[in-house]
Structure formats: structure tokens, C-alpha cells
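S.K.: Dropping the sequence and predicted coords here.
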Amino acid sequence: MRAGRSAGGASPRRRPRPAALLADISPLREHPAYRRLWVGETVSALGSQITATAVLLQVFAVTRSSFQVGLVSLVALVPLVAGGLFGGAIVDAVDRRRLAMITSVGLAAVSAAFLLLTLAGAVDDVAWPLMCLVAVQSALLAADQPARRAMTPNLIPFEQLPAASALAQIGGTAAGVFGPLIAGVTVAAGGFSIAYAVDLVTFAAPLYGLARLPAMPPRGGGRGAGVASVAEGLRFLRGQPVLLMTFVVDLIAMVFGMPRALFPALAEGRFGGGSATAGAMYSAVAVGSLLAAGLSGPLGGVRRQGLAVVVAIVLWGGAIAGFGLAHDIALGLALLALAGAADMVSSILRNAILNVATPDEMRGRLQGVFLVVVTGGPRLGDLESGSVAAVTSPAFSVVSGGLAGIGCLLLATAAVPALIRYDAKAAVAQARARSSEPLPPLAAASPVVAASPAVAVSPAVAVSPAADPSTGPDASGGR
């Protein structure tokens, strides 16, 4: 008899939970491997956010230019785009655990280089060494993040994927709250080297978590990485208009409505503060995201997920435009928190659509495209906001960006209405039918793959070991 059903075959009456709005922590209690991975990712994400904020503050301190701060993100964009596409293909061809360990060691070396250059005084007068390291970091993350996002379905039962996804968002977003604050305080108290040293120490946690995991090859044994594999993933995406639109609308929101490159200038010029004030502004977005993730329970029942994504992005753009008009720091932080909450709702639902639409054997490639979008979009937004501010003013850049994002979003959804017509219940039914297809003989013989939900379909939240990178001060994510 299947668990959860009575002897007569009728489903028992579901007991209402006293805290139905709160996230379910049962994956952490019941699955030690997932718990180790989650703890490692959360600690790692904290270090990433510390370094991401410190780099932006250090570039501004050296150059006194918001445009240069925005340029940091442009420098990271090229290796991110190229690496994200080919990194996803590699994820679908090799053991994902081993790949994540290799990239984590490389990222630790990059953090050590940030620390050594700062201690040596090599970046006291020039910012280009910092930008070079950001580019290397971006290339490594392009393979690291898709590998991690493809692993979680192998660690927990299908039924607990929504809960695990919410926990991952909470852990990563909490790091986005405290990381920038720690960076602002440590930079103000002891300099940039202290911030980079703290980040370097945090790598111990994710490496330990990965070392305790089993091997995780892709379903069906994987496919050789290369141009043909990347092209196959892009062809699959082109044939999924709803999935493609989730990427388009997020790019619109981030390119026009992400003003983080202007936070250092606004902290000094409008609000009369310094690095601590800028850190609070970076954290405010993550505070709203954390609250939304912690109260994400009702999102599992949203059927019109595409329409909800559009509404959330409209709210994001409106809150950002309001922040550009604010002259009181408390009001400004509240509006940034509101924007972060709207972005988290959009992220959860977009991830849900991605998870339903993507089979396991293509998860790495589609997660690579996802990484390009959610991290490349904010970096383009940094460049856009910094460039507009250079010829107008920071306030005008923020307000115009928020309003332009809303306008472009409405035009895009009018041109391709498939997103707002998306029916999550029907899509999940189709994905469940696809997941019932038998595995090829090679995959069926693999204990790791065979024991996991082959195509983990979730109507609520997709699996991601870190929060959507767009909510933090930089798209570093976890390691």
C-alpha cells in the first residue's frame, strides 16, 4: 500500500500545519548528505558575498568612479557567457561531484590571490588586477554552479525537492544579507585584506561537504562535451517558448533595473554615508529576498506561474524606481527590500518552470544557460546603470531603469503571451509522464542515478544549491 493513503484507497484528510507559510526543514533532518551540502553551500555563499562586496568597494575606493565599478561586471561577462554554455555541456558529460571539487579548489586560489595582491599593495593605485581575478573567478563559476545545481535531485526523494529548493534559497539569501554587512564592517575596521581572508577560510565547508558525497554521473551516462552538445541544448531551449521567455523577462528586469553599481556613489552623495551604508544597501535587497523565501510555502499552489512572474517583475521595477526617488535612507532600504522580495518570488517560479521543462540529461546545459542569464543580466545592469549615471546622475539612472524595465517587460509579454498563459498543473503532468520513461541500460546499472528521481519535477521550486545570484551584490553565488 502506498504511504499516505488509507486502506480503502482514499486519501486521508490533510492536517493543516500551524506554520504553513514557513519553509519545510525535513530535508535537513532526514538526509545527512544533503545537510552537509547545504551547510557547505551556505557558508561558502557567505564568503562569496563578502568578497563580491569588497571588490566593488575596493574598485570604487581606487578609481572613485561608478563607471569603473560597473566595468567590473562587464569584465566578468565574457568568460561567464562562454564558460556558462560550455560549462553546462561539461556538467552533462562528467561526474558532477568531481567537477565541483575541482572548480572549488580553483575558486579558493582566486580568493587567495585577492588577499595576496591587497596585502602586497599591488592594487592600491590600479584596479585592473582585481578585474583580471574577477574574470578568472567568473570562468570557474561558469562550470561550478551548473554542476552543483544538477546534484541535489540525487540526494533527496522527489517529494522533498520543493522544500530543499526553498532551503537553498534561504541559505544563499541569508548569506546575501550578512555577507555585505560583514564586508562593509571589516573593510571599515581593518581594510580589504580582512574581508578576503574571511572568504578564504569559508572554503573549508563546501570542500568537506563535497568530499562526503557519492559519485554523480549524469543520467544515461552523459554525452561528450563540445559544440554539438551546446547546440543541442540551445535547440531544445528554442523549442520551449515559455522557458525561453523566463530568461528574457529576467534579463529585462536585471539589465534595466539593477542599480547596485550606483550604491557606493548614492551612499556618499545622497545619504551621506560610507562603506557601511553601501553594505546596508546591498544587504537590503537580500533581506527582502530572505523574507520572501522564508514565507514561500503558498507559492507551491500557484498555477499561473508565468503570470505571477510578470507581476513580480513589475513590482521589482516599481520598487527600484521608488528607491531612486527616495531621500531618506530608511525608506530607500525598505524599497530595496521590497524589490528583493519581488525578485525572489520571480526566481522561485522561474526555477519551477525550468525544472519542469528540463530532463536530467540536459540539466547541466540548461543550468548553464540559466547561469548566463541570472548572472550576466545583473552585470549588464551594472554597466547600463553606471553608464547612464556617468552622463546624467545616479538618481536618474535608477528611476529611468526601473520604469524602462517595466515598459520592456510588458512589450515582451504582449509579443509572446505564452508565458502569461502557462499552466503549471498541465506542465507538471506532462513532465511526470516523461519521467516515467525507462532509463537506458547504462543508466539503469548506475546505483547513484537509478536511486534518484530521474527527472525531478516540482510545481513549486526548482533545485538550486544557492540563491539566485541576482539578489546579491555580485553574481558570485556559492562555490
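M.R.: The structure has been received and is ready for your questions. Numbers count the residues shown, from 1 in each chain.
S.K.: and the next element down the chain from the longest helix anywhere in the chain?
M.R.: Identified as the longest helix of the chain according to DSSP state H is helix 32-63. Sequence-wise, the next helix or strand downstream of helix 32-63 (DSSP states H and E) is helix 66-91.
S.K.: Pull out the CA atoms of the next helix or strand after that following helix and give them to me as PDB.
M.R.: For helix 66-91, the following helix or strand on the C-terminal side (DSSP H and E) is helix 96-119. C-alpha atoms of helix 96-119 as PDB (Å, rounded to 0.1, in the frame of the first residue of the first chain):
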ATOM      1  CA  ARG A  96      29.300  16.400 -11.300                       C
ATOM      2  CA  ARG A  97      30.700  16.000  -7.800                       C
ATOM      3  CA  ARG A  98      34.300  15.700  -9.100                       C
ATOM      4  CA  LEU A  99      33.900  18.700 -11.300                       C
ATOM      5  CA  ALA A 100      32.500  20.800  -8.400                       C
ATOM      6  CA  MET A 101      35.500  19.800  -6.300                       C
ATOM      7  CA  ILE A 102      38.000  20.900  -9.000                       C
ATOM      8  CA  THR A 103      36.300  24.300  -9.500                       C
ATOM      9  CA  SER A 104      36.000  24.900  -5.800                       C
ATOM     10  CA  VAL A 105      39.800  24.500  -5.400                       C
ATOM     11  CA  GLY A 106      40.300  26.900  -8.300                       C
ATOM     12  CA  LEU A 107      38.000  29.400  -6.700                       C
ATOM     13  CA  ALA A 108      39.800  29.200  -3.400                       C
ATOM     14  CA  ALA A 109      43.100  30.000  -5.300                       C
ATOM     15  CA  VAL A 110      41.400  33.100  -6.700                       C
ATOM     16  CA  SER A 111      40.300  34.300  -3.300                       C
ATOM     17  CA  ALA A 112      43.900  33.800  -2.000                       C
ATOM     18  CA  ALA A 113      45.100  35.900  -4.900                       C
ATOM     19  CA  PHE A 114      42.700  38.700  -3.900                       C
ATOM     20  CA  LEU A 115      44.200  38.600  -0.400                       C
ATOM     21  CA  LEU A 116      47.800  38.500  -1.500                       C
ATOM     22  CA  LEU A 117      47.500  41.300  -4.000                       C
ATOM     23  CA  THR A 118      45.900  43.500  -1.400                       C
ATOM     24  CA  LEU A 119      48.500  42.700   1.300                       C
END
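S.K.: which element is Gly233 on?
M.R.: Here Gly233 is assigned to helix 227-238, by DSSP H and E.
S.K.: what comes up buried for that helix?
M.R.: 229-230, 232-233, 236-237 (16 or more other C-beta atoms under 10 Å). Every C-beta, even on glycine, is put in place using the N, C-alpha and C of the backbone.
S.K.: ok so, going back, angle of the longest helix of the chain against helix 66-91?
M.R.: 150 degrees (axes from the mean of the first three to the mean of the last three C-alpha atoms, to 10 degrees).
S.K.: Give me the angle between helix 32-63 and helix 96-119.
M.R.: Using the same axes, to 10 degrees, helix 32-63 lies at 30 degrees relative to helix 96-119.
S.K.: and the angle from the helix holding Gly233 to helix 66-91?
M.R.: Using the same axes, to 10 degrees: helix 227-238 against helix 66-91 is 110 degrees.
S.K.: Go ahead and name everything in contact with helix 227-238.
M.R.: Contacting residues not belonging to helix 227-238 are listed as 85-86, 88-89, 92-93, 223, 243-244, 247, 362, 365-366, 368-369 [C-beta atoms under 8 Å, 6 or more residues apart in numbering].
S.K.: Closest to Gly172 out of the residues you listed?
M.R.: Taking C-beta to C-beta as the measure, Gly172 lies nearest Gly368 of the contacts of helix 227-238, at 18.4 Å.
S.K.: Report the two members of the buried residues of helix 227-238 separated by the largest distance.
M.R.: Ser229 and Leu237 (13.1 Å).
S.K.: Check which helix or strand Phe323 maps to.
M.R.: Going by DSSP H and E, Phe323 is in helix 305-325.
S.K.: Pull out the CA atoms of that helix and give them to me as CSV.
M.R.: Taking Å, rounded to 0.1, in the frame of the first residue of the first chain, the C-alpha atoms of helix 305-325 are listed here in CSV:
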residue,chain,number,x,y,z
GLN,A,305,3.2,30.7,-12.5
GLY,A,306,4.1,32.7,-15.7
LEU,A,307,1.6,35.5,-14.9
ALA,A,308,2.9,35.6,-11.3
VAL,A,309,6.5,36.1,-12.7
VAL,A,310,5.3,39.0,-14.7
VAL,A,311,3.5,40.6,-11.8
ALA,A,312,6.6,40.1,-9.6
ILE,A,313,8.9,41.8,-12.1
VAL,A,314,6.6,44.8,-12.5
LEU,A,315,6.7,45.1,-8.7
TRP,A,316,10.5,44.9,-8.8
GLY,A,317,10.8,47.7,-11.4
GLY,A,318,8.4,49.9,-9.4
ALA,A,319,10.3,49.4,-6.2
ILE,A,320,13.6,50.2,-7.9
ALA,A,321,12.2,53.4,-9.4
GLY,A,322,10.8,54.4,-6.0
PHE,A,323,14.2,53.9,-4.5
GLY,A,324,15.7,56.3,-7.0
LEU,A,325,13.3,59.0,-5.7
